[in-house]
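A.B. asks: Would you be able to build a 3D model of this:
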Amino acid sequence: MYGDIKRYKMLIIIPLAILFLSMYLFMCLEDVKKDIDLTGGMQIMILMEKDVNAKEIENILKEYEVKVRVAKSFEKTTVFIQYTKNVTAEEIVEKIRKYGYEVLDYSTQQISPALAKEFYKQMINAIIIAFIFMSIVVFFIFREILPSFYVIFTIAIDIFEAFVFSQFFGIPLSIASIAGFLLLIGYSVDANILLTARVLKSENGIKENLEKAFKTGITMAITTITALLVIVIISSSSVLKQIASVLLIGLVLDIINTWFINGVVLRWWVERKK
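C.D. replies: Just a heads-up that it's a prediction; the model follows:
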């Protein structure tokens, strides 16, 4: 993959195309989709046995101005209904039942807008602080400005693209998804440090070092992605699903960005330095 000098430089086109697509999708976002944890309000969580279409439920409850999200597990479906109008959970559940939907169980959740706003600030600050400390550690490990910058730049792209595509696929920003972004920072650091350390600190040829690092990194990524897919498909926990979904999107993008951006520019930098 990194053999021919002209061919390996062309690899950077793929992640750049995805980055430009992400920027376009970001500009098309009308508003950031947030969960009730970060907006406040009332939410009903309804457990159903059969598959449910979110649009159908929204049409049934359109007089209440609700937002509906559906989380499917291996056996059951959980419907999240967020609302602000003066209506009780019992009224909403009863109306759903009238249209032939079997409700197995339901619960309600209420968060004040002020508390939700404070949650949002704290979560964003947590990501910023984590990113700053990660950058300091990377500079301390390599003590080279450009290789450290390549690592930090790649991780920043991972987070940005994961956020955009998670919004595109309907995954709301929540405490759970922000936890997923924090975990993604940690995983991206591992992959990029593996790549950079192998290239900078080994005495073998650059091509061989890159190929060995690529095999190790891809093996790690595939095993993690497989585990996350199992969680997304089987788990009935909405929190686990959101964390796993964000990580799944982020890891797929991290494979492309780490090996097609950082790998390419790192090899170019080492060859120029020699």
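
A.B. asks: What ranges does the protein have for its strands?
C.D. replies: 41-48, 67-72, 77-83, 103-111 (DSSP state E).

A.B. asks: Output those as a markdown table; include the columns mean pLDDT, mean neighbour count and distance to Asp158.
C.D. replies: C-beta here means a position set from N, CA and C on the backbone, and glycine is covered the same way. Below are these laid out as a markdown table (pLDDT from 0 to 100; neighbours: other C-beta atoms under 10 Å; distance: least, C-beta to C-beta, whole Å):
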| stretch | mean pLDDT | mean neighbour count | distance to Asp158 |
| --- | --- | --- | --- |
| strand 41-48 | 86 | 19 | 30 |
| strand 67-72 | 80 | 18 | 25 |
| strand 77-83 | 84 | 20 | 27 |
| strand 103-111 | 85 | 13 | 30 |
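
A.B. asks: between those, which one is nearest to Gly263?
C.D. replies: strand 67-72 (36.1 Å; C-beta to C-beta).

A.B. asks: now the angle from that closest one to strand 41-48?
C.D. replies: Inter-element angle recorded for strand 67-72 and strand 41-48: 40 degrees (by axes from the mean of the first three to the mean of the last three C-alpha atoms, to 10 degrees).

A.B. asks: partners of strand 67-72 in the sheet?
C.D. replies: strand 77-83 (antiparallel) (DSSP bridges).

A.B. asks: Direction-wise, compare the strand it pairs with with strand 103-111 and give the angle.
C.D. replies: Using the same axes, to 10 degrees: strand 77-83 against strand 103-111 is 40 degrees.

A.B. asks: Can you dump the C-alpha atoms of strand 77-83 in CSV for me?
C.D. replies: Extracted as CSV, the C-alpha positions of strand 77-83 are listed here (Å, rounded to 0.1, in the frame of the first residue of the first chain):
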residue,chain,number,x,y,z
THR,A,77,-38.0,-1.8,20.4
THR,A,78,-37.7,1.3,22.7
VAL,A,79,-39.5,4.5,21.6
PHE,A,80,-38.3,7.8,23.0
ILE,A,81,-40.9,10.5,22.9
GLN,A,82,-39.8,14.0,23.8
TYR,A,83,-42.5,16.7,24.5
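
A.B. asks: Can you name the residues in contact with it?
C.D. replies: Residues outside strand 77-83 that contact it (C-beta atoms under 8 Å, 6 or more residues apart in numbering): 36, 39, 41-52, 54, 57, 61, 64-71, 92, 236, 238.

A.B. asks: Columns distance to Gly186 on top of the strands of the chain, output as JSON lines?
C.D. replies: Output for the strands of the chain, formatted as JSON lines (distance: least, C-beta to C-beta, whole Å):
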{"stretch": "strand 41-48", "distance to Gly186": "29"}
{"stretch": "strand 67-72", "distance to Gly186": "25"}
{"stretch": "strand 77-83", "distance to Gly186": "28"}
{"stretch": "strand 103-111", "distance to Gly186": "28"}
